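Chemist: have a look; sequence and predicted model below, questions after that.
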Amino acid sequence: MLLPDRDGVVELSPALVRALCHRRFGIGGDGVIRVAEARPDTGADVFMDYWNADGSLAEMCGNGVRCVAKHAVDHGLVDGDVVRVDTRGGVKIVEVVDRDVGGGVSRVRVDMGAPVLLGDAQVDVSPLTVMARSGAGGVATAERITVTATTLSMGNPHAVLVVDDVAAAPVDTWGPTIERDPQFPGRTNVEFIRVPAPGRVVGRIWERGVGETLASGTGASAMAVAAHLRAGADRHVIVELPGGELQVDWELDTLYVTGPAVEVGAGELDELWLQAIKG
């Protein structure tokens, strides 16, 4: 969800973010973005202040940056079809690709920047480790299991595993286990992928600070890179996620993600509810 804050008066806190993202007592979402004035000397149009659903700060959000660009264009914060979005992971250039029948932005292309390859990591997903880190119940055996993850940064950290069956992948247990592995002191996002054809990648995502999520722009980027490096995928692919499809183009000097941006609704937060959250 986006909170417009051109005047710089909105104060986000971990408690407020968790309350907003609660799917029963709040609005529900994977994160909160405060859309504010760009920081000085960035040359950007707006600043994307992104918080995960658990109240932790994050560098950026690939799906969120598309929504920020749509908001900026549709609400007249910028002129033209190019938006420079300031994030903690650098300035992202977003270009409007398509508009709906009413003239609103419907699809955009984001210059995500070049992936930073960090090599393969051997991660312990033994039953005892999974039980300790994921909170999974039951009886754990003492067998030792390790998996190989391709690690990289898209402005935020990712660990990608190639699996035989994405639908059956142990996302709910291996996801939090790998996220909290000591090799990733700031925690990491975790992706599970399969490459059914050179131009298509199928995947699921365990998002750091959120849990399994239906889609992710940075996650799709990481999937495409790992799929090319480890599973023979092309550099131009469609990434199929539970929430829909994204087009990823890994060029020589950068990586682009093209996908939709849709406004679901708009409203105002109740002042009494806000006061209650603040305590």
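Modeler: That came in fine, so what should we check first? Numbers count the residues shown, from 1 in each chain.
Chemist: report all helices and strands that the helix or strand of the chain with the lowest mean pLDDT contacts.
Modeler: Across the helices and strands of the chain, mean confidence by mean pLDDT, DSSP states H and E is lowest for helix 127-134: a mean of 86. Contact here means 3 or more Cβ pairs under 8 Å, 6 or more residues apart in numbering; DSSP states H and E; on that basis helix 127-134 packs against helix 171-179. C-beta coordinates here come from the backbone N, C-alpha and C atoms, glycine included.
Chemist: remind me which residues of the stretch 51-200 of the chain are low pLDDT?
Modeler: The model of the stretch 51-200 of the chain has pLDDT under 70 over residues 136-140.
Chemist: give me that answer again for 80
Modeler: For the stretch 51-200 of the chain, the stretches flagged by pLDDT under 80 are 134-142.
Chemist: show me the strands in it, by range?
Modeler: For the stretch 51-200 of the chain, applying DSSP state E, counting those that start in this stretch gives strands covering 82-87, 90-99, 105-111, 116-124, 146-153, 157-162, 189-197, 200-207.
Chemist: assumed G219 was part of a strand.
Modeler: No - counting by DSSP: H, G, I helix; E, B strand; the rest coil, one finds G219 to be helix, located in no strand.
Chemist: I'd guessed it sits against G62; true?
Modeler: Yes - between G219 and G62 there is a contact under Cβ atoms under 8 Å: 7.2 Å.
Chemist: hang on, the earlier thing: buried ones in the least confident helix or strand of the chain, by neighbour count?
Modeler: By neighbour count with 16 or more other Cβ atoms under 10 Å, helix 127-134 contains the buried residues 127, 129-131, 133-134.
Chemist: right, and T42 touches R88 too?
Modeler: No - if you go by Cβ under 8 Å, T42 and R88 don't touch, sitting 11.2 Å apart.
Chemist: who does the closest residue to M112 other than its chain neighbours bridge with?
Modeler: Closest residue to M112 apart from its sequence neighbours, by Cβ to Cβ, 6 or more residues apart in numbering: L255 at 4.7 Å. With DSSP bridges applied, L255 shows beta-bridge pairing to W250.
Chemist: now for L255: which residues touch it?
Modeler: 111-115, 154, 221, 224-225, 248-249 (Cβ atoms under 8 Å, 6 or more residues apart in numbering).
Chemist: sorry, back to before: so for G219 and G62, which residue has more residues nearby?
Modeler: G219 (29 against 26; other Cβ atoms under 10 Å).
Chemist: quick one, what contacts that one?
Modeler: Counted by Cβ under 8 Å, 6+ apart, G219 has contacts 62, 158, 189, 191, 203, 205, 207, 213, 241.
Chemist: list the contacts of the second one.
Modeler: This points to H158. H158 neighbours (Cβ under 8 Å, 6+ apart): 151-152, 188-191, 218-219, 222.
Chemist: could you do the fifth one as well?
Modeler: Contacts were defined as Cβ under 8 Å, 6+ apart; by that measure G203 touches 166, 191-194, 219-220, 223, 239-241.
Chemist: ok, what's across the strand from the nearest residue to it once chain neighbours are set aside?
Modeler: Nearest residue to G203, sequence neighbours excluded (Cβ to Cβ, 6+ apart): I193, at 4.2 Å. Assessed by DSSP bridges, I193 has beta-bridge partners V162, G203.
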